[in-house]
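K.L.:
Need coordinates for the below:
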Amino acid sequence: MSDDSLSDGVLPLRPVARPQAGDERLAQAPARRPQARSDGPPALPAEVGENATQSGAVDLGRTVLLGLFDGPDGPSALLRLIDGEVVRVERGAEVRGSRVSAIGNGSLRLQRNGVEVVLTLPG
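P.N.:
A predicted model of the protein is given here:
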């Protein structure tokens with residue numbers, strides 16, 4: 001038995017040096033990129049598109065609550081502001097002069113000058 005073998009006769013793995021010619025071939029090989037493929041849009045029932053595009057479902061002239069999230073740092077919410085900007089906020093955040101006082105139970109509370117407004121999810 002040689003000194004390179006272990007007691008059970010298995011040889012330890014050793015990295016094999018790369019042949020020099022391989023480096024040259026690799027440098028000369030054309031760069032190949034995977035081809036992007038599209039099967040078109042997914043097949044969805046007609047009512048999905050209709051429900052997603054209801055006109056008048058959201059009053060675009062006011063701040064709208066779009067979504068609520070519960071994460072490791074506590075709840076947060078997604079708001080669409082009057083100018084169309086969409087922001088993610090947490091409790092205590094300032095939003096255009098109003099402060100987010102609470103998030104939860106399907107709603108968000110904004111407080112400004114002692115007046116509290118409750119926003120709920122549309123629909």
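K.L.:
Was I right to think Val58 contacts Gly84?
P.N.:
No: Val58 is beyond contact range of Gly84, at 11.3 Å (criterion: Cβ atoms under 8 Å). In short, each C-beta sits where N, CA and C put it, glycine included.
K.L.:
between these two, which one's more packed in?
P.N.:
Per other Cβ atoms under 10 Å, whichever of Val58 and Gly84 has more neighbours is Val58, with 14 against 7.
K.L.:
Name the residues of stretch 95-104 that come out as buried.
P.N.:
If you call a residue buried by 16 or more other Cβ atoms under 10 Å, then stretch 95-104 has these buried ones: Val95, Ser98, Val100, Ile103.
K.L.:
Which strand or helix spans the last one?
P.N.:
Using DSSP states H and E, Ile103 falls within strand 98-104.
K.L.:
Paired strands for that strand, with orientation please.
P.N.:
Next to strand 98-104 in the sheet, as set by DSSP bridges, lie strand 94-95 (antiparallel), strand 107-112 (antiparallel).
K.L.:
contacting residues around it?
P.N.:
Residues outside strand 98-104 that contact it (Cβ atoms under 8 Å, 6 or more residues apart in numbering) are 68, 74-77, 89-94, 108-112, 116-117.
K.L.:
Alpha carbons only: can I get it in PDB?
P.N.:
Extracted C-alpha coordinates of strand 98-104, given in PDB (Å, rounded to 0.1, in the frame of the first residue of the first chain):
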ATOM      1  CA  SER A  98     -49.900  63.900   9.100                       C
ATOM      2  CA  ARG A  99     -48.600  61.300  11.500                       C
ATOM      3  CA  VAL A 100     -49.400  57.600  11.300                       C
ATOM      4  CA  SER A 101     -50.900  56.900  14.800                       C
ATOM      5  CA  ALA A 102     -51.900  53.300  14.400                       C
ATOM      6  CA  ILE A 103     -51.900  50.400  11.900                       C
ATOM      7  CA  GLY A 104     -54.000  47.300  12.400                       C
END
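K.L.:
what sits against the residue nearest to Thr63 when sequence neighbours are not counted?
P.N.:
Leaving aside its chain neighbours, Thr63 sits nearest to Leu81 (5.4 Å; criterion: Cβ to Cβ, 6 or more residues apart in numbering). Leu81 makes contact with Thr63, Val87, Val95, Arg96 under the criterion Cβ under 8 Å, 6+ apart.
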